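Novice: Mind looking at a prediction? Sequence and model below.
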Amino acid sequence: MAALVALKDLGVAFNGVTVLHGVDLQIARGEAIGVVGESGSGKSVTFLAALGLLPRSARVTGAVELDGANILGAPDAVLDRVRGRRVAMIFQDPASALNPVLTIRRQIGESLARHRGLTGQAIEREARRLLDLVGIADAPRRLSAYPHEFSGGQNQRIMIAMALAGSPDLLIADEPTTALDATIQAQILELIGRVRRETGMALVLISHDLGVVAENCERVAVMYAGRIVEEAPAAAVFAQPLHPYTEGLIGALPPIDGPRRRLTAIAGTVPDPKDMPSECAFAPRCNHAGPRCGAIPPLRAIAGARRLACVRHHEALPFIEAAE
Amino acid sequence: MTAPLIEARALVRVYHSRQGLFGAARALRAVDGVSLAIAPGETLGLVGESGSGKSTTGRMVLGLEPPDAGSVHFAGEPLPPPGTPPWRALRARVQMIFQDPLGALDRRLTIADQIAEPLEIHRRGDQPARAERVRELMRQVGLSADHGARYPHELSGGQRQRAVLARALATAPEFLVCDEPVSALDVSIQAQVVNLLIDLQASLKLAMLFISHDLRVVRQVSARVAVMYLGRIVELGDADDLFATPAHPYTRALVSASPAPGRRSATRIVLAGDPPDPAARPSGCAFHPRCAHALPRCRGETPVLVNVAPGRSAACHLVTPAHAPIDAAA
């Protein structure tokens, strides 16, 4: 089956500095895919670029196909039918994404009018249903409230309600729970999971937290310095990480139970995009780096529905297949 | 247990806030009767969600904020009043590091100058001795000599937190309060700083109060852990043991909400509702509106922190039958 969304060689440059070096990623209908990486890895830029949400100074190359049709650089009229309607996006800080001087009714109503063409009583009914769906009780009264009257977790629920107003096929959630407390994070992730089960919506969950992604996604793409370096089914990534960076990220995560072990810190820091090494971008921090790492390794499909960009494993491919 | 280095008894901190311009002032009990003791060289972790009072507790333990009730003793002596000479002398023995290293550093001073500042304030050594001490501190926290000549904006987040740590350690303190020291850092950098804190704690025999919302990081660095909810400690115990077998329903929910690779969300306990407003504290057990196991008496009667097993205390009617002798409950 054709992918719902396919990013093809997507690249982004700001003022001549390339921050995204050709990302290829396919998102199937109804699938939950996690995108993991540290700050500056390009995980947010990838999806902002895909939806045409970057400032005009950004140079975006490649293609973004929605049901096979390229939407990259499409006129605003086309994008307006995509954004919010087919693909919705929510962000880390719900309070700044909501308008502080408008009631929740106005804001959800605007989405419903724009994306679904509803009017009058139909808007009110649908807004109540959405608030109910995201678990905000007493919807008729709460619709008249302003964002500051809600807690952070409730505001994120309202953002989700607005995102769902257009019945999107894909929800892109960019660090949706990072600003929230642990018990509220669990509530929001549970809510997103429930909506997905009920509507069959696909999900891209962008997060710096491998644990969050592992628990909520079927597939994981790991990004480093503007490239995908590894992509695999979620369980496989944790059971057998292949890229040294993925391995390092997992080793850097303290376990919540079992014996304590010393964290395996990755030495050094992420390279500056203005001063990107011409070799594999991870090589300066990699314990296994050798002379073969001088060229940038391509992201290659390997056994087990995985993709990997590491020379060391490319050479050892028969071993990987034998291990399956 | 040896005599505690730092001991807080029944600390209370009340803030007054107004809702709207003409609204009535409301009393908000940010910290409501917190007692804790930390032995020399021991790390106590303090976890809780926003509004649980963990940072306020940290500031009161250091004497940066006066408690409205209760007392803090350092090395057996009550904390001197802020601003007095004995208090300033004590400040060399207790230090604090915060979440945001850029905010804690002076943008106009080089890293080496900032690390030397506490030595100048507390009149430690002469100029060459101070310069040598700065070099030693920078080595200890893993900064190279040429980082000393740079300004804060020229360092990465992890390097800045190392510089803040070097400055905090300059006067060889015995007690360090760390308030979310790694929360703003990326995972790989966070691991570097966590390892560094563990190493320094062990080699310098530092007592630490490690405040964080991240259970995984707290477990990694702490010997014992206290869990706070709405201004009170609801559970206290050995770190590994507490996270493996949490007794309080809130601790159980927190542990299950902490994402772990390989565990599916099916096992997660999802709490209903938001953390309540500290200004409108629920009656009885503050957790009862969100607790799946709440009984009628949880609404009326506030549970106290009692020993429920060796080295473990909890404040929950379900964990300990009220008024029962401690050994019967254990």
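Specialist: Received it, and whenever you're ready, just let me know what you need.

Novice: Show me where chain A dips below the pLDDT cut-off.
Specialist: Applying pLDDT under 70 to chain A flags residues A:1, A:316-324.

Novice: Ignoring the adjacent residues along the chain, who's closest to the residue in the stretch 1-150 of chain B that chain A sits nearest to?
Specialist: Using CB to the nearest CB, the single residue of the stretch 1-150 of chain B nearest to chain A is B:Glu49, 3.8 Å away. For the C-beta atoms, the positions are set from N, CA and C on the backbone; glycine is no exception. Leaving aside its sequence neighbours, B:Glu49 sits nearest to A:Asp181 (CB to CB, 6 or more residues apart in numbering or on different chains; 3.8 Å).

Novice: I'd guessed B:Ala37 sits against B:Pro4; true?
Specialist: Yes - between B:Ala37 and B:Pro4 there is a contact under CB atoms under 8 Å: 3.8 Å.

Novice: and whatever residue of the stretch 101-250 of chain A ends up closest to chain B, backbone torsions?
Specialist: As assessed by CB to the nearest CB, chain B sits closest to A:Gly211 within the stretch 101-250 of chain A, at 3.1 Å. Main-chain torsions, A:Gly211, degrees, to the nearest 10: phi -60, psi -50.

Novice: how far away is it from B:Val187?
Specialist: Distance, A:Gly211 to B:Val187, by CB to CB, to the nearest Å: 10 Å.

Novice: where do the contact lists of these two overlap?
Specialist: Counting by CB atoms under 8 Å, 6 or more residues apart in numbering or on different chains, the common neighbours of A:Gly211 and B:Val187 are A:Leu253.

Novice: in chain A, which residue is closest to the centre?
Specialist: Nearest to the mean C-alpha position of chain A, by CA atoms, centre = their mean, lies A:Ile206 at 2.8 Å.

Novice: in a strand, that's where that residue is, yeah?
Specialist: Yes - counting by DSSP: H, G, I helix; E, B strand; the rest coil, A:Ile206 is located in a strand.

Novice: Select the longest helix from the chain.
Specialist: In the absence of a named chain, chain A is used. helix A:182-199 (DSSP state H).

Novice: other chain: chain B
Specialist: Under DSSP H, chain B gives helix B:187-204 as its longest helix.

Novice: Just the mean pLDDT for it, thanks.
Specialist: For helix B:187-204, the mean per-residue pLDDT is 92.

Novice: C-alpha coordinates for it, PDB please?
Specialist: Coordinates of each C-alpha in helix B:187-204 appear next as PDB, following Å, rounded to 0.1, in the frame of the first residue of the first chain:
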ATOM      1  CA  VAL B 187      20.200  13.000  27.200                       C
ATOM      2  CA  SER B 188      23.800  12.300  26.200                       C
ATOM      3  CA  ILE B 189      25.000  15.500  28.000                       C
ATOM      4  CA  GLN B 190      22.700  14.700  31.000                       C
ATOM      5  CA  ALA B 191      24.500  11.400  31.400                       C
ATOM      6  CA  GLN B 192      27.900  13.100  31.400                       C
ATOM      7  CA  VAL B 193      26.800  15.500  34.200                       C
ATOM      8  CA  VAL B 194      25.000  12.800  36.200                       C
ATOM      9  CA  ASN B 195      28.200  10.600  36.100                       C
ATOM     10  CA  LEU B 196      30.200  13.700  37.200                       C
ATOM     11  CA  LEU B 197      27.900  14.400  40.100                       C
ATOM     12  CA  ILE B 198      28.100  10.800  41.300                       C
ATOM     13  CA  ASP B 199      31.900  10.800  41.100                       C
ATOM     14  CA  LEU B 200      32.300  14.200  42.900                       C
ATOM     15  CA  GLN B 201      29.900  13.200  45.600                       C
ATOM     16  CA  ALA B 202      31.900  10.000  46.200                       C
ATOM     17  CA  SER B 203      35.400  11.500  46.100                       C
ATOM     18  CA  LEU B 204      34.500  14.700  48.100                       C
END
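
Novice: which parts of it are buried?
Specialist: B:187-198, B:200-201 (16 or more other CB atoms under 10 Å in any protein chain shown).

Novice: One more: stretch A:279-286?
Specialist: A:Glu279, A:Cys280, A:Ala281, A:Phe282, A:Ala283, A:Arg285, A:Cys286.

Novice: OK, contacts around the fifth one?
Specialist: This points to A:Ala283. A:Pro277, A:Ala289, A:Cys293.

Novice: Over to the fourth one?
Specialist: In this structure, A:Phe282 makes contact with A:Tyr224, A:Ala225, A:Val229, A:His243, A:Pro244, A:Tyr245, A:Ala289, judged by CB under 8 Å, 6+ apart.

Novice: measure it to A:Glu38 for me?
Specialist: For A:Phe282 relative to A:Glu38 (CB to CB), the value is 12 Å.

Novice: and for these two, which residues touch both?
Specialist: In contact with both A:Phe282 and A:Glu38: A:Tyr224, using CB under 8 Å, 6+ apart.

Novice: now, which of the buried residues of helix B:187-204 lie close to chain A?
Specialist: Applying CB under 8 Å from any CB of the partner chain to the buried residues of helix B:187-204, one finds that B:Val187, B:Ser188, B:Ile189, B:Gln190, B:Ala191, B:Gln192, B:Val194, B:Asn195, B:Ile198 fall near chain A.

Novice: Show the contacting residues for the fourth one.
Specialist: For B:Gln190, the residues meeting the contact criterion (CB under 8 Å, 6+ apart) are A:Ala252, B:Val182, B:Val217.

Novice: ok, 6 Å please
Specialist: Shown in contact with B:Gln190 (CB atoms under 6 Å, 6 or more residues apart in numbering or on different chains): B:Val182.

Novice: Show the pLDDT at B:Ala324.
Specialist: 44.

Novice: Which strand residues bridge A:Leu25?
Specialist: Residues in a beta bridge with A:Leu25, per DSSP bridges, are A:Leu7.

Novice: Near it, how many other residues are there?
Specialist: 23 (other CB atoms under 10 Å in any protein chain shown).

Novice: Equivalent analysis for B:Arg130, please.
Specialist: 18.

Novice: And for the one 5 residues further on?
Specialist: B:Arg135: 15 surrounding residues under other CB under 10 Å.

Novice: Now it: closest residue in space that isn't a chain neighbour?
Specialist: Nearest one to B:Arg135, counting by CB to CB, 6+ apart, is B:Ala145 at 6.5 Å.

Novice: got it, and A:His148?
Specialist: A:Pro100 (6.3 Å).

Novice: for A:Leu205, same thing?
Specialist: In space, A:Leu205 is closest to A:Gly34, 4.8 Å off (CB to CB, 6+ apart).

Novice: do the same with A:Ser151
Specialist: That would be B:Asp274: by CB to CB, 6+ apart, it lies 4.6 Å from A:Ser151.
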